[in-house]
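I need the structure of the sequence given here:
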Amino acid sequence: MRKSINELIEEIRKLKRELNAVILAHNYQPQEVQEIADFVGDSLELSIQAMSTDAKVILFAGVDFMAEQAKILNPEKIVLIPDKQARCHMANMLTVDQIRKFRERHPEVPLVLYVNSLAECKAYADYVCTSANAADVVKAIDAEVVALGPDANLAAYAEWRTGKRVLPVPECGHCYVHKLFRPDAVRELVDELRSRGENVVFIAHPECDMDVLKIADYVGSTSQMLKFVKNLPSNITVVYATEVDMGVRFRKERPDIKFVPANPWAYCIYMKQHTLEKIVRALREKRHVVELDHAVMKKAREAIIRTFELLGIVDKLPRR
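Model (predicted):
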């Protein structure tokens, strides 16, 4: 007989106590997963958060690169992912072979890799950025030409923000969810809401196409979006261009504000692989342990530390 949601939640809590485990859930997870998590946030926020806990086991409800990132930053801990099929479409567009070929053609160009990349690729990076600090990282590097991958849209955004030339690696890397937004559709939605007398603000994630970003009132990562909406007055309607379940987090933080997805079909099937049943199984059986080569973890971690040093915030990431 299938267990009820309440029974599953109680079993998860019991297993967490027994294993000294912590559950991390990305902002794009479904509501029931966000509600049983100890921490909800973006990928780097969550990995760093885990470093400040005494937990021996980390269960990461997110996609593959996020669980890898947690392992890189917490090498002594057991990291679990409930479903191994939760793979990031964008992260898997970049391979080590592509990086090597790029290095051969552009040996002097610094390479920044988005956190949305696999660990084996991060090991070849000079720096590792997030969507929140990509432009800051590019700006701080002492070079007029910088490479950034695997998201070509984030590379274009960093170029727009800094005035430097930013080469995308690969040229067409993208998040399929953030490709679903179109400026004309956004304008039509905003105009319709305003015709009803609503005071509309449009916010967008930098993984969106540039023609969408240029019409946004605010552009930011999921964590930056959250900070932005926390400071809005109650009489605002927020149209948001990112994964639809970011609305779960928005509404929890600001239940007094109306949130409307710019595209209700902006749905990441990979983020939705995790269920309460799979979380129970992963904890009970220590199922789907994230294992990474020690040399890869060391090199990837060095790139992350180098980035924190570049931004002057290395004290937030203790060395091991």
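
Dump the C-alpha coordinates for the lengthiest helix in the chain into CSV.
Longest helix of the chain, by residue count under DSSP state H: helix 294-311. Only the C-alpha atoms of helix 294-311 are listed here, as CSV (Å, rounded to 0.1, in the frame of the first residue of the first chain):
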residue,chain,number,x,y,z
HIS,A,294,39.7,13.2,-5.8
ALA,A,295,42.0,15.0,-8.3
VAL,A,296,38.9,16.4,-10.1
MET,A,297,37.4,17.6,-6.8
LYS,A,298,40.7,19.2,-5.8
LYS,A,299,41.1,21.1,-9.1
ALA,A,300,37.5,22.2,-9.2
ARG,A,301,37.7,23.4,-5.6
GLU,A,302,40.8,25.4,-6.4
ALA,A,303,38.9,27.2,-9.2
ILE,A,304,36.1,28.0,-6.8
ILE,A,305,38.5,29.3,-4.1
ARG,A,306,40.3,31.3,-6.8
THR,A,307,37.0,32.9,-7.7
PHE,A,308,36.3,33.8,-4.1
GLU,A,309,39.8,35.3,-3.8
LEU,A,310,39.1,37.3,-7.0
LEU,A,311,35.9,38.7,-5.5
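
which other helices and strands contact that helix?
Counting contacts by 3 or more C-beta pairs under 8 Å, 6 or more residues apart in numbering; DSSP states H and E, helix 294-311 is packed against helix 64-73, helix 119-122, strand 127-129, helix 134-140. Using the backbone N, CA and C atoms, a C-beta is placed for each residue, glycine as well.

and the direction of that helix versus that of helix 64-73, what angle?
90 degrees (axes from the mean of the first three to the mean of the last three C-alpha atoms, to 10 degrees).

Show residues contacting helix 294-311.
Contact with helix 294-311 is made by 71-73, 75, 113, 119-120, 122-129, 133, 136-137, 140-141, 314, 316-317, 319-320, as judged by C-beta atoms under 8 Å, 6 or more residues apart in numbering.

Please indicate which of those are buried?
71-73, 113, 119-120, 122-129, 133, 136-137, 141, 317 (16 or more other C-beta atoms under 10 Å).

before we move on, back to that, dump the helices and strands packed on helix 294-311 to CSV, plus mean pLDDT and distance to Ala295.
Conversion of the helices and strands packed on helix 294-311 to CSV gives the following (pLDDT from 0 to 100; distance: least, C-beta to C-beta, whole Å):
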stretch, mean pLDDT, distance to Ala295
helix 64-73, 92, 12
helix 119-122, 97, 10
strand 127-129, 95, 17
helix 134-140, 97, 24
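
Throw these into TSV and include distance to His288, thanks.
Shown next, in TSV, are these (distance: least, C-beta to C-beta, whole Å):
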stretch	distance to His288
helix 64-73	8
helix 119-122	16
strand 127-129	24
helix 134-140	30
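
Between the ones you listed, which one is closest to Val200.
helix 134-140 (25.6 Å; C-beta to C-beta).

Flag every buried residue along the next helix or strand after that closest one.
Sequence order places strand 145-149 as the next helix or strand after helix 134-140, per DSSP states H and E. Residues 146-149 are the ones in strand 145-149 that count as buried (16+ other C-beta under 10 Å).

do the same with stretch 174-182
174-175, 177-178, 180-182.

before we move on, what about stretch 242-259?
Quick answer for stretch 242-259 (16+ other C-beta under 10 Å): 242-250, 254, 257-259.

excluding its backbone neighbours, what's nearest Pro261?
With sequence-adjacent residues excluded and distances taken as C-beta to C-beta, 6 or more residues apart in numbering, Pro261 is closest to Val244, at 4.8 Å.

quick one: the strands in this structure?
Remark: strands assigned in the chain by DSSP state E are 21-26, 39-41, 57-61, 78-80, 111-114, 127-129, 145-149, 165-168, 199-204, 218-219, 236-241, 258-261.

low pLDDT regions in the stretch 1-150 of the chain?
Counting by pLDDT under 70, the low-confidence segments of the stretch 1-150 of the chain come to 1.

quick one, domains of the protein?
5-87+271-289, 91-174+297-316, 178-261 (automatic domain parsing).

one step back: will you turn the strands of the chain into CSV that also has distance to Ile304?
Shown next, in CSV, are the strands of the chain (distance: least, C-beta to C-beta, whole Å):
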stretch, distance to Ile304
strand 21-26, 17
strand 39-41, 17
strand 57-61, 17
strand 78-80, 16
strand 111-114, 10
strand 127-129, 5
strand 145-149, 15
strand 165-168, 20
strand 199-204, 26
strand 218-219, 24
strand 236-241, 28
strand 258-261, 32
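
of all those, which lies closest to Ala67?
Across these, Ala67 has its closest neighbour in strand 57-61 (4.2 Å, C-beta to C-beta).

and the closest one with strand 21-26, angle?
20 degrees.

Partner strands of strand 57-61, with direction?
Strand pairing for strand 57-61, using DSSP bridges, gives strand 21-26 (parallel), strand 78-80 (parallel).

which of those is buried the deepest?
strand 21-26 (a mean of 25; mean count of other C-beta atoms under 10 Å).
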